[in-house]
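Student: Dropping the sequence and predicted coords here.
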Amino acid sequence: MSNHDQVWDACLKVIKDNIPLQAFKTWFDPIVPVRLENNILTIQVPSHFFYEWLEENYIVLLKKVIKKELGSEGTLEYSIVMENNSTKSTPYTVKLPALRSNSLKNTPLNVPIQATENQIRNPFIIPGLKKVNIESNLNHSWNFENFVEGDCNRLARASGYAVANKPGGTAFNPLLIYGGVGLGKSHLANAIGIEIKEQFPTKTVLYVQSEKFAHQFIDAIKNQTTNDFIHFYQMVDVLIIDDVQFFSGKEKTQDVFFSIFNHLHQNGKQIILTSDKAPVEMQGMEQRLLSRFKWGLSADLTTPDLETRIAILEKKMYLNGIELPKDVVEYLAYSINTNMREMEGAFNTLLAQASLNKKAITMELARLMVDKFVKNTAREVSIEYIQKVVCDYFDLPIEMLKSKTRKREVVQARQISMYFSKKMTKSSLANIGAHCGGKDHATVLHACRTVVNLSETDKQFRLYLEELEKKLSIQ
Ligand code: ADP
Ligand code: MG
């Protein structure tokens, strides 16, 4: 066995342990190691698309294994076989480690790729075209079990579940899940796909990012394989397109998607879409497409409330088999309240920092990480956080604050919360009132005045305020 074979074999062993078998067969089996010179391992891949796919999806893993086998100076080069039937297959190489965009800059993009097979060319380049061979591209950690239910996602989750139980057989076709960044659209869309695969193993499920879809389409135009492209997508039973808002303003892509959509819909196939906007707000989208989006169900994901955020973190800890101090978890959930990806990011960094530096995970470290994470978005304390700190301080359950009770100490805590909410957040009086048991803006205003007056006359009260203010500002 020659040296490059040995090295590549060792790499494959690690890779195999780290990705699903099907993915391994699809993307790594066809690779042929060609040479190893000056610590540069050259591998031959069947197509440009193949190379892009590897770079996009497995770059981290590849870098790791190369480093492991060849040391930090080790480099990977691709040699790409032309897909046309011309005899002079001029392989060209792309160097690794290099950022993808950089490496592509030096790469001729107009590689002549022509379909040689008489069969439809699968834009995912999966050899053979038996239906079962279409890899679903689902992210298996994003399943229903890991998706925490809350008021913010109840409708979307329930309808997703209904669709998964009867793909194509409910009124929810298409199912459009929409909501802001990091609220779980992709997670839920994947969960539906996974559930369908589990219940109906013979159904072909295909998950694709709309960006990838659009690129494949452009490639297909270039290669004059648009018919194949359309036919390929028309073969699936469940099509999941993530972030369709990306199609905005791209007329041709919308046209091709329109015909795929119609075909699938007419044949009782399930379509699942996600978008960062509600259909009515999608600009640059053709009317006929928008009207089809509205045929089924549009379900939105909103910002998770505090309990759901804590539950998401707890789920994550459980999955990672670790436990964090309760105050740290609450702190993370309090401080990052709009984007769950950011919250997870802070959580992961915290874990990494703690294990790298062998430090205990303390509030101090948590604060540092959150500061690092949210540093660019001027952070303000939330009304929820203020309420929590005030209630802790006076030893009251937070529900009391939100209730109608007129007990003196509760009224006082409520007024103080309103006062700090006015002072430290940008929330409107009405919004603050809504958070404190449905009071109107006049009540909030009155509360703020009362607090100011009291602090001027009552020394003890002033002390409370000062202490609370200190607690709130070291957040
Ligand atoms: P989007 O596609 O809406 O931008 P993602 O689906 O990528 O958001 O979600 C961002 C991260 O937050 C993911 O890691 C996801 O697992 C996590 N997440 C979001 N909502 C939930 C939830 N309800 N339960 C568990 N994890 C969630
Ligand atoms: Mg997403």
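Tutor: Great, that's in hand. Ligands and ions are numbered 1, 2, ... in the order given.
Student: I'd like to know the beta-bridge partner residues of the closest residue to ligand 2 within the stretch 251-400 of the chain.
Tutor: Scanning the stretch 251-400 of the chain for proximity to ligand 2 using Cβ to the ion identifies residue 274 as nearest, at 6.5 Å. C-betas here are computed from N, CA, C, even on glycine. When bridges are called by DSSP bridges, residue 274 pairs up with residue 177.
Student: any idea where the strands of the stretch 251-400 of the chain begin and end?
Tutor: For the stretch 251-400 of the chain, the strands defined by DSSP state E, counting those that start in this stretch cover 270-275, 297-301.
Student: thinking again about what came up before, give me every residue that touches the residue of the stretch 251-400 of the chain closest to ligand 2.
Tutor: Contact partners of residue 274, counting by Cβ atoms under 8 Å, 6 or more residues apart in numbering, are 176, 177, 178, 185, 186, 188, 189, 241, 242, 243, 244.
Student: run the last query once more with 6 Å
Tutor: With contacts taken as Cβ atoms under 6 Å, 6 or more residues apart in numbering, residue 274 has the following neighbours: 177, 185, 189, 242, 243.
Student: For whatever residue of the stretch 1-150 of the chain ends up closest to ligand 1, list the residues it contacts.
Tutor: Evaluated by Cβ to the nearest ligand atom, the stretch 1-150 of the chain has residue 148 as its residue closest to ligand 1, separated by 3.6 Å. The neighbourhood of residue 148, defined by Cβ under 6 Å, 6+ apart, consists of 308, 311, 312, 315.
Student: Not counting sequence-adjacent ones, nearest residue to the residue in the chain that ligand 1 sits nearest to?
Tutor: Residue nearest to ligand 1 within the chain: residue 184 (2.8 Å; Cβ to the nearest ligand atom). Computed as Cβ to Cβ, 6 or more residues apart in numbering, the closest residue to residue 184 that is not its neighbour in sequence is residue 301, at 5.6 Å.
Student: residue ranges with poor pLDDT in the stretch 101-250 of the chain?
Tutor: Applying pLDDT under 70 to the stretch 101-250 of the chain flags residues 101-133.
Student: Return the residues of it in contact with ligand 2.
Tutor: Residues of the stretch 101-250 of the chain lying close to ligand 2 (Cβ under 5 Å from the ion) are 185, 186.
Student: Run through the helices of the stretch 101-250 of the chain in chain order.
Tutor: For the stretch 101-250 of the chain, helices defined by DSSP state H, counting those that start in this stretch occupy the ranges 154-165, 185-199, 210-222, 226-234.
Student: how far out from the middle of the chain is the first one?
Tutor: Right, the one you point to is helix 154-165. On the basis of Cα atoms, centre = their mean, to the nearest Å, helix 154-165 is displaced by 19 Å from the centre of the chain it belongs to.
Student: what helices or strands is it leaning on?
Tutor: Helix 154-165 is packed against strand 175-179, helix 185-199, strand 297-301, with contacts defined by 3 or more Cβ pairs under 6 Å, 6 or more residues apart in numbering; DSSP states H and E.
Student: Point out the most buried one among the ones you listed.
Tutor: Among these, ranked by average contacts under mean count of other Cβ atoms under 10 Å, first place goes to strand 175-179 (a mean of 26).
Student: Can you name every helix or strand that that strand contacts?
Tutor: Other elements packing on strand 175-179 under the criterion 3+ Cβ pairs under 6 Å, 6+ apart are helix 154-165, helix 185-199, strand 270-275, strand 297-301.
Student: same thing but at 10 Å, please
Tutor: On a contact count with 3 or more Cβ pairs under 10 Å, 6 or more residues apart in numbering; DSSP states H and E, strand 175-179 meets helix 154-165, helix 185-199, strand 238-242, strand 270-275, helix 287-293, strand 297-301.
Student: would you list those in TSV and tack on distance to residue 412?
Tutor: Compiled in TSV, the helices and strands packed on strand 175-179 are given as follows (distance: least, Cβ to Cβ, whole Å):
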stretch	distance to residue 412
helix 154-165	35
helix 185-199	42
strand 238-242	49
strand 270-275	46
helix 287-293	51
strand 297-301	37
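Student: Out of those, flag the one nearest residue 381.
Tutor: For the helices and strands packed on strand 175-179, distance to residue 381 was read as Cβ to Cβ. The smallest value, 24.3 Å, belongs to strand 297-301.
Student: mind exporting that closest one as PDB, just the C-alpha atoms?
Tutor: In PDB, the C-alpha atoms belonging to strand 297-301 read as follows (Å, rounded to 0.1, in the frame of the first residue of the first chain):
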ATOM      1  CA  LEU A 297     -51.000  26.800   6.600                       C
ATOM      2  CA  SER A 298     -48.700  29.500   7.700                       C
ATOM      3  CA  ALA A 299     -47.600  29.100  11.200                       C
ATOM      4  CA  ASP A 300     -45.300  31.500  13.000                       C
ATOM      5  CA  LEU A 301     -42.600  31.100  15.600                       C
END
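Student: check contacts around residue 57.
Tutor: With contacts taken as Cβ atoms under 10 Å, 6 or more residues apart in numbering, residue 57 has the following neighbours: 19, 23, 27, 137.
Student: if we look at ligand 1, which of those are close to it?
Tutor: The subset of the contacts of residue 57 lying close to ligand 1, counting by Cβ under 6 Å from any ligand atom, is empty.
Student: would CSV of these with neighbour count and secondary structure be doable?
Tutor: As requested, the contacts of residue 57 are arranged in CSV below (neighbours: other Cβ atoms under 10 Å; DSSP: H, G, I helix; E, B strand; the rest coil):
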residue, neighbour count, secondary structure
19, 15, coil
23, 16, helix
27, 21, helix
137, 17, coil
